[in-house]
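Chemist: take this sequence and fold it.
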Amino acid sequence: MQVTAGDLLQKINYPSDLKQLTEEQLEKVCQELRQYIIDVVSVNGGHFGASLGTVELSVALHYILNTPYDQLVWDVGHQAYGHKILTGRRDIFHTNRMYGGISGFPKRSESEYDTFGVGHSSTSISAALGMAVASRYKGETDRQHVAVIGDGAMTGGMAFEALNHAGIENSNLLVILNDNNMSIDPNVGALKAYLTDITTSKPYNRFRDDIAHVLTKISSIGPDAFKMAKKIEKSIKGTLLKKSNLFESLQFRYFGPIDGHDVKHLVRVLRDLRDIPGPKLLHCVTVKGKGYALAEKDQTKWHAPGLFDKITGEIKKAKAEKPQPPKYQDVFGHTIIELAEQNPKIMGITPAMPSGCSLNMMMKAMPERAFDVGIAEQHAVTFSAGLATQGLVPFCNIYSSFMQRAYDQVIHDVAIQKLNVIFCLDRAGIAGADGPTHHGAYDLAYMRCIPNMTVSAPMNEEELRNLMYTAQQENMGPFVIRYPRGTGVMVDWQRPMKAIQVGKGRKICDGEEVAILSIGTIGNEVVKATVELNNDGFYPAHYDLRFVKPLDEVLLHDIFKKFGKVITVEDGCIDGGMGSAVLEFMADNNYQAEVVRLGIPDHFVEHGEQPELWAECGYDAAAIIKQVKNMGIRRNAHTIAS
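Modeler: Coordinates of the predicted model:
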């Protein structure tokens with residue numbers, strides 16, 4: 001469904017059109033832009049609250065900057081919908097996050113205004129600094145470089161690494177701190193408290209109101225006067241805050257905090273800052289969900305609410321005639337509490353995703369045993385390792401694609417020391433509308449090559465519970481359990497838990513001529529395929545490996561002795577994944593068979609619904625049926641292998 005934009009917004013196709021307006025008209029542009037985001041997202045879905053909070057900032061930046069020559073980098077990208085609408089994508093914004101439509105995140109191949117592809121947090125300052133240094137090297141002294149980073153993303157170590165470097169480069173870089181006290185869930189940690197101190201210091205806020213404008217005037221006098229003014233400003237700031245300014249100590253010029261929803265003031269400040277050389281940080285205080293009362297009130301719920309009635313605020317959910325299976329994340333959330341009640345050693349850790357992974361349930365029930373460590377995956381892993389050295393059993397829940405950021409810590413701090421850290425990798429496999437930055441395509445491949453590691457994937461909710469129960473037993477060592485985004489397949493899932501023999505797969509059904517080997521929840525697509533194949537006179541066998549490390553070698557010996565044709569199916573990358581492990585076993589044991597691997601191909605898969613992308617990649621039920629028939633097996637066979 002396409003939505004009509006307001007009168008002024010209809011005339012803005014690119015920032016050059018925006019610049020034709022007066023400053024007095026910008027407030028109306030902001031109203032229309034905010035309403036357009038509400039109108040489109042309510043009927044098409046997508047991220048919501050973050051972009052409502054950056055409407056004024058988006059308008060002011062494109063009004064003052066000479067984009068795309070001036071380079072604007074948006075951290076994460078949840079906050080960049082306004083930016084997309086103002087930069088040539090208004091009329092196709094309704095395709096946002098849809099299969100074949102525009103990306104939900106800035107993407108270089110989509111627009112020259114998207115200077116850097118994002119999806120994970122805390123990268124903007126590093127990228128913008130690289131651009132600034134490159135411009136300095138090329139003699140582009142008039143080029144501006146701006147990184148817009150949320151205060152949640154500031155908890156990522158990479159952001160501090162970039163600030164540390166930028167402070168000594170003295171490049172033309174402006175960092176805008178979008179301070180709304182939120183990532184997806186409320187922010188945590190000492191940085192949150194520090195920013196609160198700044199925003200509530202009345203003497204400091206009175207002082208800072210005109211400092212940027214004054215310093216701009218002084219800088220025109222000459223470099224010596226400017227240096228003296230900087231020293232005076234730094235001294236006064238330190239006195240008023242009663243402590244050293246964190247950003248000033250990193251050699252950044254700090255300005256703010258200012259109201260991030262006052263577009264006229266933003267325009268004046270950005271115009272002044274454009275003329276001040278060196279690294280600068282502008283602290284903008286905003287409200288996530290600004291302009292939509294329900295989103296302002298419950299910011300976590302309205303981060304990405306799905307479809308909703310924009311008038312009543314009712315979030316639309318499909319009405320089920322019968323009980324539905326739970327989300328896998330909720331199975332984890334309920335099960336870890338159940339296990340922790342039995343085992344006092346269990347702890348829960350997540351890097352800023354408590355609601356996304358459902359650890360918020362444990363944080364509420366057992367607050368002293370569950371930790372949100374901020375957007376800091378590396379720290380989450382090594383913090384978990386520290387807990388494990390003291391005999392505790394940490395369940396470290398990190399999205400599969402986010403775990404890539406902590407790979408060194410997994411190897412160095414956990415695996416080498418054989419510590420019993422349980423990595424629960426949520427959003428494994430094709431993640432859906434978030435696209436290539438969020439697909440959990442690589443975990444089977446990058447985890448199975450690590451010594452001392454157990455790597456598993458449940459086929460359903462009961463198996464997830466059993467694997468969690470198994471992993472928390474004594475002396476298990478590093479243990480990976482990966483599971484997908486979305487709902488499971490079992491309504492009756494809260495069954496008594498039992499231990500699973502590590503490295504033991506299982507036979508789902510007997511068959512002849514061809515064996516289908518699956519791992520994880522994609523095995524349910526194999527079940528659908530085998531039912532249809534049976535009805536059509538084909539009888540493949542189906543095995544659920546459960547573990548890609550260690551492999552069930554006894555089961556694989558049986559399979560290769562009985563079958564000359566094998567299909568492997570995985571919701572992960574073909575290169576290096578479960579299918580590769582099976583081929584390695586076949587070669588190492590001198591078996592000869594025709595093996596076809598189905599999974600995510602060797603390219604980055606774009607966004608869309610999971611079934612759409614499974615079909616595109618060729619491993620949904622229909623693709624499995626086609627592959628079985630293409631292998632030349634007999635139809636209407638009578639004998640089933642025992």
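Chemist: ranges for the helices of the stretch 251-400 of the chain?
Modeler: With DSSP state H, counting those that start in this stretch as the criterion, the stretch 251-400 of the chain has helices at 263-273, 293-297, 328-342, 354-357, 360-365, 377-389, 400-403.
Chemist: which of the ones you listed has the lowest mean pLDDT?
Modeler: Of all those, mean pLDDT reaches its minimum on helix 293-297 (a mean of 86).
Chemist: could you list the alpha-carbon positions for that helix in CSV?
Modeler: Backbone C-alpha positions of helix 293-297 (Å, rounded to 0.1, in the frame of the first residue of the first chain) are rendered in CSV as follows:
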residue,chain,number,x,y,z
ALA,A,293,2.5,9.1,22.1
LEU,A,294,2.3,5.3,22.5
ALA,A,295,5.9,4.9,21.1
GLU,A,296,7.2,7.5,23.4
LYS,A,297,5.6,5.8,26.4
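Chemist: buried ones in it?
Modeler: For helix 293-297, the neighbour count (16 or more other Cβ atoms under 10 Å) marks 294-296 as buried. All C-beta atoms are positioned from the backbone trio N, CA, C, and that covers glycine.
Chemist: and if you look at stretch 311-320?
Modeler: By neighbour count on 16+ other Cβ under 10 Å, the buried set for stretch 311-320 is residue 313.
Chemist: contact partners of that stretch?
Modeler: Contacts with stretch 311-320, where a contact means Cβ atoms under 8 Å, 6 or more residues apart in numbering, come from 294, 305-309.
Chemist: let me have the buried residues of helix 293-297 in TSV, adding distance to residue 106 as columns.
Modeler: As requested, those are arranged in TSV below (distance: Cβ to Cβ, whole Å):
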residue	distance to residue 106
294	27
295	22
296	25
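Chemist: looking at those, spot the one nearest residue 345.
Modeler: Here the nearest of the buried residues of helix 293-297 to residue 345, counting by Cβ to Cβ, is residue 295; it sits at 39.6 Å.
Chemist: nearest to residue 356, of the buried residues of helix 293-297?
Modeler: Each of these was scored against residue 356 by Cβ to Cβ, and residue 295 proved nearest at 17.4 Å.
Chemist: residues touching the closest one, list them.
Modeler: Residue 295 sits next to 48-49, 52, 288-289, 302, 305 when contact means Cβ under 8 Å, 6+ apart.
Chemist: of those, which is the nearest to residue 87?
Modeler: Distance to residue 87 across the contacts of residue 295 (Cβ to Cβ) is lowest for residue 52, with 17.9 Å.
Chemist: would you mind writing the CA trace of stretch 609-619 as PDB?
Modeler: Output of stretch 609-619 as PDB, limited to C-alpha atoms (Å, rounded to 0.1, in the frame of the first residue of the first chain):
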ATOM      1  CA  GLU A 609      10.500 -13.200   4.500                       C
ATOM      2  CA  GLN A 610      12.200 -16.400   5.500                       C
ATOM      3  CA  PRO A 611      10.100 -18.700   3.200                       C
ATOM      4  CA  GLU A 612      10.800 -16.400   0.300                       C
ATOM      5  CA  LEU A 613      14.600 -16.500   0.900                       C
ATOM      6  CA  TRP A 614      14.600 -20.300   1.500                       C
ATOM      7  CA  ALA A 615      13.000 -20.700  -1.900                       C
ATOM      8  CA  GLU A 616      15.400 -18.300  -3.500                       C
ATOM      9  CA  CYS A 617      18.400 -20.100  -2.000                       C
ATOM     10  CA  GLY A 618      17.000 -23.500  -3.000                       C
ATOM     11  CA  TYR A 619      16.400 -25.400   0.200                       C
END
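Chemist: follow-up on the earlier one: how about the helices of the stretch 251-400 of the chain, which one is nearest residue 94?
Modeler: The closest approach between residue 94 and any of the helices of the stretch 251-400 of the chain, judged by Cβ to Cβ, belongs to helix 293-297 at 19.8 Å.
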